[in-house]
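Asks: pasted the sequence and its predicted model underneath.
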Protein chains: 2
Amino acid sequence: METPRTELNELGEFGLIERIKTASTLRNTTSLRGIGDDAAVIKKDEKNVFLVSTDTLAEGIHFDLTYVPLKHLGYKAVVVNLSDIVAMNGTPEQITVALACSNRFSVEAIEELYQGILLACDHYNVDLVGGDTTTSRAGLILSITALGTAEADKVVYRSGARTNDIVCVSGDLGGAYMGLQVLEREKQSFLANPEMQPELEGLDYIVQRQLKPEARVDMVKELATLGILPTSMIDISDGLASEILHLCSSSGKGAELFEDKFPIDQMTYETAREFDLDPLTVMMNGGEDYELLFTIKQEDFEKIKNHPSINPIGYMKEAAAGVNLITKAGNSFPIKAQGWKHF
Amino acid sequence: METPRTELNELGEFGLIERIKTASTLRNTTSLRGIGDDAAVIKKDEKNVFLVSTDTLAEGIHFDLTYVPLKHLGYKAVVVNLSDIVAMNGTPEQITVALACSNRFSVEAIEELYQGILLACDHYNVDLVGGDTTTSRAGLILSITALGTAEADKVVYRSGARTNDIVCVSGDLGGAYMGLQVLEREKQSFLANPEMQPELEGLDYIVQRQLKPEARVDMVKELATLGILPTSMIDISDGLASEILHLCSSSGKGAELFEDKFPIDQMTYETAREFDLDPLTVMMNGGEDYELLFTIKQEDFEKIKNHPSINPIGYMKEAAAGVNLITKAGNSFPIKAQGWKHF
């Protein structure tokens, strides 16, 4: 009898994670939380925990070296991982880097990549403490593990949201995705006519959102200063739609989000229009913004209502209500994930 | 002016690590030790530390799926990483797994890989707490980060060996390399004649050393039971020659190793002869045995002299003496590394 063959794209990344999670058990009392959140939680001492997260960027899947300078790639790879520690309300402190690359890359190229990694370490006060460099048969693959700490009672999980909590998002959405569209357009123009100069003038913000995103370490500090402990949190790597569904599913809740409250930068909006894309779709499904999606108690609303970087965008509901978007026209639509499915 | 291009194989893996180490600085007081040993050391509390190590296995470089079953690959990938924690005299407790694979792999194949990973977790009482799965353009790349703990004053570095310390090795050497030779031969026979049955009878031990090595967690416990704290330690992943050079270089010492003291299994010896290979070369440069190379004080000799799995093979010397092998005939030769250079 032949073994059945299921394609990875049928199951998807989240389906695979779910299967692995089900198959793995936690034996050590120090393993407080395993697979299923932005980072694992490991006991440090009576009052503190370690946070550990691993993320991979693969050439041709997550980045295109035609327009991503290696230094930016190194920086971004660190940011992506620190963002996972931040999403647990923690402070990142160390990283390890596992790099697999083909002989196509020179020592100078790899050093440029590490310059970006070390620049991010410097910016975020994080130490590169270890790793591994090996050959691959094709392309470049960068796996980073980030380590951080948090007070045990300040760790914020995806699962803590309660009915009526206010859903908030930091910064603005969709910029990284529109930056990617602009870079892709320039690549096509260049391939068609190598004499062409890139037209990126005035598009700095969205190009930067794509090439050099930042992890919202500042937001963890800001929330502490405001005296707010979010009830749940996740970082926006795959787009708002995908992340609110994760948060609702982990918390066993529903949600209602209001389109007219979604934060978008003027440049993102105008570029989306220019590309004939719906700005709403760009915000919902764009991904790679590395902003934070979190919920706070109603009583904390006063503390954030005039905050320039914290945007309330809706409410948590009972699970039975589903996860819905209320459009500007007042219609309600169920939110579906269309985030990145790499398989 | 053009940027100079240095090929990765000119500099080598260790050269690259050295450059990265020089470029990185440790900012956080919790980062006790960074790049340069088997694992990084991070402060846990007043008396204990965390150990963190990352290692990568890449298809076509570290393994060949023609004869490595995915389940074994998963098991071995965990072992390789746990071995780094063990080499610091620590106890592994958690792992994260970053997997990049192409669509060539089915869900069933990836699940088989994870079965091996989870089997190793079960065997070593370690928890799989997180990770990441993504697509790659070609092949399979597996990066694992292992986390462990140790009492701060029991951590053993590569750098602590002192003149006259006794150099010891656990278990026996060269088996994994000869297992690889046997598997490669069977692959060639199979390619030449697919009807051929594999001739692995009586070769179980060395094939197992290659396909399903074990990390010497037992040795950490054994040394503690014997009341021995090694002065330095490293695991043998790249062959005895490469590792003794690392140990001497980190400790700023020389060494004298005696060929007639090197531990070799009868099957490894006979298979080497059959393949027309010098058993000495196989032990020195074979690699992948994941045994421990460590140094102990002279006064601890009595505790190990009749131990079945701990073999004294030489002495540490002043740096000026160099790192030498004394052959059975009594000649002295400087030891040179011929370990794996993947670039």
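Replies: Received, thanks. Residues are numbered from 1 along each chain as shown, chains lettered A, B, ... in the order given.
Asks: got any ranges where the stretch 151-300 of chain A has weak pLDDT?
Replies: Along the stretch 151-300 of chain A, no part satisfies pLDDT under 70.
Asks: which residues in it form strands?
Replies: For the stretch 151-300 of chain A, applying DSSP state E, counting those that start in this stretch gives strands covering A:166-170, A:232-235, A:253-258, A:292-296.
Asks: for chain B, find the nearest of those.
Replies: Proximity to chain B (Cβ to the nearest Cβ) singles out strand A:232-235 among the strands of the stretch 151-300 of chain A, at 13.8 Å. No exception for glycine: its C-beta is placed from N, CA and C like everyone else's.
Asks: list the contacts of that closest one.
Replies: For strand A:232-235, contacts defined as Cβ atoms under 8 Å, 6 or more residues apart in numbering or on different chains pick out A:38, A:83-84, A:86-89, A:156-161, A:165, A:215-216, A:243, A:246-247, A:250-251, A:290-295.
Asks: please report phi then psi for the closest residue to A:N28 other than its chain neighbours.
Replies: Closest residue to A:N28 in three dimensions, ignoring its sequence neighbours and counting by Cβ to Cβ, 6 or more residues apart in numbering or on different chains: B:E93, at 4.9 Å. Main-chain torsions, B:E93, degrees, to the nearest 10: phi -130, psi -30.
Asks: hmm, B:E93 is touching A:S31, no?
Replies: Yes. Here B:E93 reaches A:S31: they are 7.1 Å apart, a contact under Cβ atoms under 8 Å.
Asks: touching both of those two, which residues are there?
Replies: A:I42, B:D127.
Asks: more neighbours, those two?
Replies: Set side by side, B:E93 and A:S31 show more neighbours around B:E93, with 25 against 20, by other Cβ atoms under 10 Å in any protein chain shown.
Asks: and the gap between the more buried one and B:V41?
Replies: Noted for B:E93: a distance of 15 Å to B:V41, by Cβ to Cβ, to the nearest Å.
Asks: phi, psi of the most centrally placed residue in chain A?
Replies: Centroid-nearest residue in chain A, with Cα atoms, centre = their mean: A:S237, separated by 2.4 Å. Here is the backbone geometry of A:S237 (degrees, to the nearest 10): phi -100, psi -30.
Asks: let me see the ranges of the helices in chain A.
Replies: A:8-23, A:70-86, A:107-124, A:175-192, A:204-211, A:217-226, A:240-251, A:266-274, A:279-285, A:301-304 (DSSP state H).
Asks: now do the fourth one and helix A:266-274, the angle between them.
Replies: So the one you mean is helix A:175-192. Orientation of helix A:175-192 against helix A:266-274 (axes from the mean of the first three to the mean of the last three Cα atoms, to 10 degrees) gives an angle of 50 degrees.
Asks: quick one: helix A:175-192 to chain centroid distance?
Replies: Averaging C-alpha positions (Cα atoms, centre = their mean, to the nearest Å) puts helix A:175-192 21 Å from its chain's average.
Asks: still on that earlier bit, could you export the strands of the stretch 151-300 of chain A as CSV, including distance to A:L128 and mean neighbour count?
Replies: Output for those, formatted as CSV (distance: least, Cβ to Cβ, whole Å; neighbours: other Cβ atoms under 10 Å in any protein chain shown):
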stretch, distance to A:L128, mean neighbour count
strand A:166-170, 26, 25
strand A:232-235, 21, 26
strand A:253-258, 38, 21
strand A:292-296, 24, 27
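Asks: dump the residue contacts of the residue nearest to A:N28.
Replies: B:E93 touches A:N28, A:T30, A:S31, A:I42, B:V126, B:D127, B:L147, B:G148, B:T149, counting by Cβ under 8 Å, 6+ apart.
Asks: only whichever of the residues you listed are buried, select them in ChimeraX.
Replies: A single ChimeraX command is used to select the members of the contacts of B:E93 judged buried by 16 or more other Cβ atoms under 10 Å in any protein chain shown:
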select /A:28,30,31,42 /B:126,127,147,148,149
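Asks: format the contacts of B:E93 as JSON lines; extra columns: distance to B:T22.
Replies: Shown next, in JSON lines, are the contacts of B:E93 (distance: Cβ to Cβ, whole Å):
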{"residue": "A:N28", "distance to B:T22": "36"}
{"residue": "A:T30", "distance to B:T22": "34"}
{"residue": "A:S31", "distance to B:T22": "35"}
{"residue": "A:I42", "distance to B:T22": "30"}
{"residue": "B:V126", "distance to B:T22": "33"}
{"residue": "B:D127", "distance to B:T22": "35"}
{"residue": "B:L147", "distance to B:T22": "26"}
{"residue": "B:G148", "distance to B:T22": "27"}
{"residue": "B:T149", "distance to B:T22": "29"}
